[in-house]
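[1] Quick one: sequence and predicted model below, then my questions.
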Amino acid sequence: MVLAFLLPRLRRLQPGRAMSTATGSFSLQQPLNYRDGGRVQPADGGQAEDVYEPATGRVITKLLCSGEKEVDLAVRSAKAAFQTWSQTSGMERCRVLLEAARIIRERRDEIATLETINNGKSIFEARVDIDISWQCLEYYAGLAGSLAGEHIQLPGGSFGYTRREPLGVCVGIGAWNYPFQIACWKSAPALACGNAMVYKPSPFTPISVVKLAEIFTEAGVPKGLFNVVQGGAATGQFLCHHPDVAKISFTGSVPTGVKIMEMAAKGIKPVTLELGGKSPLIIFSDCSLENAVNGALMANFLTQGEVCCNGTRVFVERKILDTFTKEVVKRTQKIKVGDPLQEDTRMGALINRPHLERVQRFIQQAKEQGAQVLCGGDLYVPDDPKLKNGFYMKPCVLGNCRDDMMCVQEEIFGPVMSILPFDTEEEVVERANNTKFGLAGGVFTRDIQKAHRVVAALKAGMCFINNYNISPVELPFGGYKSSGFGRENGRAAIEYYSQLKTVCVEMGDVESVF
Ligand SMILES: NC(=O)c1ccc[n+]([C@@H]2O[C@H](COP(=O)([O-])OP(=O)(O)OC[C@H]3O[C@@H](n4cnc5c(N)ncnc54)[C@H](O)[C@@H]3O)[C@@H](O)[C@H]2O)c1
Ligand SMILES: C[N+](C)(C)CCCC=O
């Protein structure tokens, strides 16, 4: 069962506080910036952007973009909070993060509902995202108390030791596909290591991260330690250029990642870049067909296909191409698309109209280049009149694909799977690696030696054997090549939110060379 990995986690859930907001009824007037422990209107900037409910196409609130002054106030506030937080013990940080995790768990349904309303993903998936979020906080709470350096003996009783120290004010900049989860993946390790954070979500999904800020405050995080500024590229640039910012952790597209790195270079600031992908999923003929089909659906259709690590290039050994394709198409056609707040919906609405149109253009171009639409790909208009302006499409499977097609080369970031036949292991590994990206990859086979051999040869940071797109927070996540560098989750993330100080201690006399 593909979702079985979640069950132990779901069983640990406390009963949630349900939020009764129905699709088409939510609106928000509260300020969306968060500074010094409370919601605030930005001190400057103030350019207003519409924020949508993708399920209905309604505007649910206005976003006021923060200017340079507001960004400066947020960084100053974080800098002040850093002075006290960085001096607390790991155990104290552990307790606060555990309390924040507990509150998130308690409000799981409320936060998931907000996420669904603002992002368009199904409530079923949004709840999973929130579970992964509180698990992330629990995980780094557990590590906070055990962050330690090394003791190194030197000749004559002298010795050295290392201290793992926080960096200072870290900036988090997030994408719109996992708004709450991305904020947790960044803030949990940052705060566990003793840093402060100023976070800027995508202007498309500004709402849920402010809940996270409120929860941190309620859990006992010092005022100012986690601030939220809202806005787009301009606000992000003010953050990246701010002289008191010590680190930038970015999740988003490759072109923006390049700009972030350029800005960080000017200030010699370390960066984590979690960027896009076009990952291969390799299905060998000796696989469990049922698992492979489930895996291919998991690899392509979560969050309407708007997932960075999706395995969108599905390489299928020719011997099972027809059987696999038939089954994948049958299952894809059964995916229930519609109102994301309905319990049985499994695919909601894409993030906005321009993005939906972009995905549609990829499908049109694929057809022009010779691909065959085996199912879906067309716009979907639900019967419910309140959903008629929503951004829906039917999940699409493309056959007759070639490696040189745009749909196979570029990140579509929508529910579009491309199926490509292959004949040999050597051939498929070479084709799988023939991409500028390197975020993820997967293999389905019952031959465990082949599985390890193939993932060892894949040039990708996150590889799956006989599953896809599961997210245990204990495992590091991040890319190779143009998909970025640095890691989120797992112990590895500690490296990216701390710096190492070495102390050399002389126990004898100084032997001067002069
Ligand atoms: N690797 C990962 O973990 C991961 C996770 C989620 C999404 N993604 C990638 O994100 C992309 C989709 O997200 P998106 O459309 O929000 O990406 P994007 O690059 O357009 O925007 C990401 C964030 O950067 C901000 N931004 C834009 N221009 C900026 C600038 N010049 N300076 C500073 N900040 C700026 C945006 O406002 C937003 O908050 C996809 O490519 C997807 O693969 C990667
Ligand atoms: C939780 N997932 C499905 C692994 C997605 C991680 C974030 C990428 O967009």
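    All right, it came through fine. Ligands and ions are numbered 1, 2, ... in the order given.
[2] Could you use CA atoms for every contact and neighbour count after this?
    Noted.
[3] Now for Gln87: which residues touch it?
    By CA atoms under 8 Å, 6 or more residues apart in numbering, the residues touching Gln87 are Gly194.
[4] element containing it?
    With elements delineated by DSSP states H and E, Gln87 resides in a region that no helix or strand encompasses.
[5] For it, give me the pLDDT.
    Among the per-residue scores, Gln87 holds a pLDDT of 98.
[6] Begin at 25 from now on, thanks
    Sure, I'll start numbering at 25, so the last one becomes Gln111.
[7] Please report the distance of it from Cys217.
    Between Gln111 and Cys217 the distance is 11 Å, computed by CA to CA, to the nearest Å.
[8] residue boundaries of the helices in the stretch 175-324 of the chain?
    Assigned by DSSP state H, counting those that start in this stretch, the stretch 175-324 of the chain shows helices spanning 203-216, 232-243, 257-265, 278-290, 313-325.
[9] Check which helices and strands the longest one sits against.
    Contact partners of helix 203-216 among helices and strands, from 3 or more CA pairs under 8 Å, 6 or more residues apart in numbering; DSSP states H and E: helix 114-130, helix 147-168, strand 193-197, strand 220-224, helix 232-243, helix 516-520.
[10] gap between it and the chain center?
    Computed by CA atoms, centre = their mean, to the nearest Å, the separation of helix 203-216 from the middle of its chain amounts to 10 Å.
[11] what does that helix rub up against?
    Applying CA under 8 Å, 6+ apart, the external contacts of helix 203-216 come out as 114, 117-118, 121, 139, 153-154, 156-158, 160-161, 164-165, 167-168, 194, 196, 198-199, 220-221, 223, 225-226, 229-230, 232-233, 236, 250, 273, 275, 512-513, 517-518, 521.
[12] what's the closest of the helices and strands packed on helix 203-216 to Ala323?
    Distances from Ala323 to each of those were compared using CA to CA; the minimum, 13.9 Å, belongs to helix 147-168.
[13] got the angle between that closest one and helix 114-130?
    In this structure, helix 147-168 runs at an angle of 170 degrees to helix 114-130, with axes from the mean of the first three to the mean of the last three CA atoms, to 10 degrees as the basis.
[14] Check which helices and strands helix 147-168 sits against.
    Other elements packing on helix 147-168 under the criterion 3+ CA pairs under 8 Å, 6+ apart are helix 114-130, helix 132-143, helix 203-216.
[15] I'd like these written out as JSON lines, with distance to Ile472, mean pLDDT and mean neighbour count added.
    As requested, the helices and strands packed on helix 147-168 are arranged in JSON lines below (distance: least, CA to CA, whole Å; pLDDT from 0 to 100; neighbours: other CA atoms under 10 Å):
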{"stretch": "helix 114-130", "distance to Ile472": "37", "mean pLDDT": "98", "mean neighbour count": "22"}
{"stretch": "helix 132-143", "distance to Ile472": "37", "mean pLDDT": "98", "mean neighbour count": "27"}
{"stretch": "helix 203-216", "distance to Ile472": "31", "mean pLDDT": "98", "mean neighbour count": "26"}
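[16] tell me which parts of the chain are close to ligand 2?
    Val331, Cys332, Cys333, Asn493, Ile494, Ser495 (CA under 6 Å from any ligand atom).
[17] which one of those is nearest Arg100?
    Compare each of those with Arg100 using CA to CA and the shortest gap goes to Cys332, at 32.7 Å.
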